[in-house]
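Chemist: fold the following, please.
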Amino acid sequence: MNLIVAVDKGFGIGKDNGLLARIPADMEYFKEKTMGKTIVMGSSTYMSFPKRPLPNRENLVLTSKPENYPEVKCFTSTGELFEFIRGRDDDVFVCGGSTVYLQLLPYCEKAYVTHIDETFDADAFFPNLSELDNWEKTEESEVVESNGYRITFAVYENNDIKSVQDI
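Modeler: Predicted coordinates:
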């Protein structure tokens, strides 16, 4: 399992159940990484998408109210989710929100992080992986400018992955 996220300088990821900014290069990066893959998210993240479910991806939603989302496969616990994805050989990407990231972070092998060189008034946050002992930055792009924002794409690897097979 992997994750994908865009963070500002303070590791903010969202405000009022939405993105902090519309950055075309980041949207393209998200699409490139997740197209044809399985994506996992919470219900607020799912509802924030302009088109639901996201096309050409298997959309999985963690929610306490699966009856509200009959168009996608829903799970009421991480245990149910892990049972479903166990043994699959396709890539699974966690894509938000903050609670889902925190729950699934220990099980992720890689984190694809877009760093936005800006500070927003965020109300949802992601951990600073550089401050966690088991995460190491292994790749970072040159600075890209998109829609007036300076961004970099980084890949972090988890050196102490918990296995969904053991749950």
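Chemist: rest of the way, CA atoms for contacts and neighbours
Modeler: Will do.
Chemist: where in the chain is pLDDT low?
Modeler: Where the chain drops to pLDDT under 70, the residues are 166-167.
Chemist: relative to Asn2, how far out is the spatially most central residue of it?
Modeler: For the chain, Cys95 is the residue whose C-alpha lies nearest the centre (CA atoms, centre = their mean; 2.3 Å). Counting by CA to CA, to the nearest Å, the separation of Cys95 from Asn2 is 9 Å.
Chemist: same thing with Ser64?
Modeler: For Ser64, the distance to Asn2 - CA to CA - is 23 Å.
Chemist: more neighbours: which of those two?
Modeler: Asn2 (21 against 13; other CA atoms under 10 Å).
Chemist: hang on, the residue nearest to the centre of the chain packs against Ser44?
Modeler: No: applying CA atoms under 8 Å, one finds Cys95 not in contact with Ser44, separated by 11.3 Å.
Chemist: quick one, strands of this structure?
Modeler: 2-7, 12-14, 38-42, 58-62, 73-75, 92-94, 110-116, 124-125, 135-140, 144-146, 149-158 (DSSP state E).
Chemist: need those in CSV with distance to Lys51, can you?
Modeler: Listed next are these as CSV, based on distance: least, CA to CA, whole Å:
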stretch, distance to Lys51
strand 2-7, 19
strand 12-14, 18
strand 38-42, 14
strand 58-62, 12
strand 73-75, 16
strand 92-94, 18
strand 110-116, 22
strand 124-125, 22
strand 135-140, 30
strand 144-146, 22
strand 149-158, 24
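Chemist: hey, which of the ones you listed is tucked in deepest?
Modeler: strand 12-14 (a mean of 25; mean count of other CA atoms under 10 Å).
Chemist: what separation do you get for Asn59 and Lys33?
Modeler: Relative to Lys33, and taking CA to CA, Asn59 is found at 14 Å.
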